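Asker: Sequence below, structure please.
(one chain, ligands or ions: 4)
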Amino acid sequence: MERTKGYSKYRNDDEDRLSPWPFQFVLFDGWGMGIEYNEPNGHTDMLKDQLKIDAARKKAGGVCLTCKTPYAPELKERSRVDYFSKPYDEVWKEIPEKHREMGVVCADCHDPKTMDLRINRWTLIEALKAIGKDPDKLTRQELRSLVCAQCHVTYSIPKDRDNKSIGLLFPWKNGKWGNITIEAVIKQIKDENLREWKHKVTDQKIGHIRHPEFELFASPGSVHWAAGVACADCHMPYERVGKEKISSHRWESPLKKNMKACMQCHNQSPEWLKEQVLNIQDRVNHMFTKAGYSVARAALMVEAAEKNPRSDKTLIKKAKEIYEEAYYRNTWIGAENSMGFHNPPEALRVLGDALDQGRQAEMLAREAILKTGASPPEIDMARIDAIVAERYKTKDGKTGFKPVVKRKAALLTQK
Ligand code: HEC
Ligand code: HEC
Ligand code: HEC
Ligand code: HEC
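Answerer: Residues are numbered from 1 along each chain as shown. Ligands and ions are numbered 1, 2, ... in the order given. The predicted structure is shown next:
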């Protein structure tokens, strides 16, 4: 797919989503994504993208294909639970050859006979039932968001004792329709121990949060959700083709088409609308940066405490628990792809909590060291950047921290 560069302040400028926010290397250390986390190439290329990247990201098995190929429901039917844990390449080979590089297709969102909108993925159907929303009674406007929620949501991969993937679910059941918060998601991750990977720096198993666009957008605080606006309104604006009006099937940032999507409802100028988006994103980025460094500082303080055999174990344990909470919150906004635009007040609320919890965890770990009579390390933003540049520096020019990439972590300061 042909792609426009440089349309957006926080997206797409360079093919790297870690280096612009260096603290993320500390938070993702141990996770496949910490190695390589590239800017995605859009719908048509997504399966190809997955084949291109490092094998570490395919480690989880066939389960990774669930959101990347339209054949997922069929593959799952055929191999049952094996589908999730079979090696990725094996499951991939079950996709008919000519479609092995195909991403999103019509049938993901449309009934092939009637072309009505429909949900094709069992994961979303199960998740809707879990929050008491009847998947057979959805309005057209709800479907204009829910077809996207088949993929633009967070999910968890339950593991067996040998860390093999045994399923895939959206951790929504403690939420409600129009109110799926990070707190609800964390509760399920903890209750069902949906911890998928080991964070090296704090030496503990932890869950993961992936792109929760639907959850953030469809939650309290979102003026557009409350007004009945759907994903398709902003990402699939109407286009005129001859006499017909059709919905754009390019799924891109509204900034790319000079805010045309917004102007279906708003009568302000494109400049004004773009400025509103940037004002929101700059503020959310400010808090994401503050919170992110606070959470990274906590991780590094825990690491320092663990290195000292005389540190207070109870305090370290408490620090790790709070770190886990802070990590989920920071990632809830960092992995969400709009830099807070989808729900600005909720994004700031969640980041405020992440910042506070990062501080709490850091204090506890400091205390654990102080009690031994030793002095804790001095860690500030500059120190974290230096640690990242040293520890995670790129080895092959492809993976790891790239100091040449433009930094986007930033605090707003009075001019
Ligand atoms: C990611 C979901 C998604 C995929 C994939 C998708 N569509 Fe759509 N499509 C939509 C949505 C949402 C609408 C708007 C429907 C509405 O408003 O009722 C739509 C509308 C349409 C319409 C009605 C006219 C219009 O544009 O509003 C046609 C025809 C259509 N799509 C054809 C296709 C074809 C053909 C494909 C495959 C090449 C496809 N769509 C793939 C989501 C999708
Ligand atoms: C079958 C899964 C799937 C469905 C359904 C789907 N998407 Fe996507 N979408 C993806 C993936 C995968 C990417 C690219 C990469 C990523 O974020 O990992 C993507 C990327 C995007 C992008 C960014 C494109 C760019 O230029 O980088 C937008 C915007 C988007 N989707 C909007 C939507 C909207 C709106 C809908 C519903 C009408 C929708 N998507 C439905 C999987 C899906
Ligand atoms: C009121 C308009 C609006 C609605 C509704 C909306 N979005 Fe967005 N979305 C935006 C804006 C603005 C951005 C930021 C784009 C940028 O930074 O370039 C964005 C960004 C994104 C991105 C990243 C785009 C990129 O270029 O990488 C994805 C993916 C996305 N939205 C998906 C969704 C999904 C899924 C829904 C529904 C759950 C949704 N959006 C609802 C306006 C909207
Ligand atoms: C389908 C209609 C629709 C679309 C498309 C839409 N909006 Fe809105 N927007 C609304 C409504 C309704 C409100 C509620 C306030 C109002 O009545 O003006 C609103 C409110 C806002 C607000 C004020 C938010 C607040 O917290 O009070 C901003 C800023 C905004 N929209 C920007 C955008 C931008 C930028 C886009 C495109 C990316 C966009 N809107 C797309 C309908 C829409």
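Asker: Show me where the chain dips below the pLDDT cut-off.
Answerer: Along the chain, the model assigns pLDDT under 70 to residues 1-6, 12-15, 33-103, 415.
Asker: and it, which of its residues are near ligand 3?
Answerer: 8, 10-11, 145, 148, 152, 213-214, 217, 224, 229, 231, 233-235, 252-255, 277, 337-339, 341-342 (CB under 6 Å from any ligand atom). Any C-beta I mention is one placed from the backbone N, CA and C, and that applies to glycine too.
Asker: try 5 Å
Answerer: 8, 11, 145, 148, 152, 213-214, 217, 224, 229, 231, 234, 253-255, 277, 337-338, 341 (CB under 5 Å from any ligand atom).
Asker: Just those residues: which are in helices?
Answerer: Among these, the members falling in helices (DSSP state H) are 145, 213, 214, 217, 224, 231, 234, 277.
Asker: okay, now the last one: neighbour count?
Answerer: Right, the one you point to is residue 277. Close neighbours of residue 277, defined as other CB atoms under 10 Å, add up to 21.
Asker: Kindly report the same for the first one.
Answerer: Other residues near residue 145 number 20, with proximity taken as other CB under 10 Å.
Asker: hey, where'd the strands end up in the stretch 151-300 of the chain?
Answerer: Here the stretch 151-300 of the chain has its strands, by DSSP state E, counting those that start in this stretch, at 197-199, 204-206, 238-241, 244-247.
Asker: list the contacts for whichever residue of the stretch 101-250 of the chain sits closest to ligand 4?
Answerer: Residue nearest to ligand 4 within the stretch 101-250 of the chain (CB to the nearest ligand atom): residue 227, separated by 3.5 Å. Going by CB atoms under 8 Å, 6 or more residues apart in numbering, residue 227 touches no other residue.
Asker: among the strands of the stretch 151-300 of the chain, which is the most enclosed?
Answerer: strand 197-199 (a mean of 19; mean count of other CB atoms under 10 Å).
Asker: Give the pairing partners of that one; include direction for each.
Answerer: Note on strand 197-199: by DSSP bridges, its sheet partners are strand 204-206 (antiparallel).
Asker: Closest one to ligand 2 out of the ones in helices among the residues of the chain next to ligand 3, please.
Answerer: residue 231 (4.0 Å).
Asker: Does that closest one touch residue 145 like I think?
Answerer: Yes. Using CB atoms under 8 Å as the test, residue 231 is close enough to residue 145 to be in contact (4.6 Å).
Asker: Relative to ligand 2, how far out is the residue of the stretch 101-250 of the chain closest to ligand 4?
Answerer: As judged by CB to the nearest ligand atom, to the nearest Å, residue 227 and ligand 2 stand 17 Å apart.
Asker: what about the closest residue to residue 109 other than its chain neighbours, neighbour count?
Answerer: Computed as CB to CB, 6 or more residues apart in numbering, the closest residue to residue 109 that is not its neighbour in sequence is residue 147, at 4.1 Å. By other CB under 10 Å, the residues close to residue 147 number 24.
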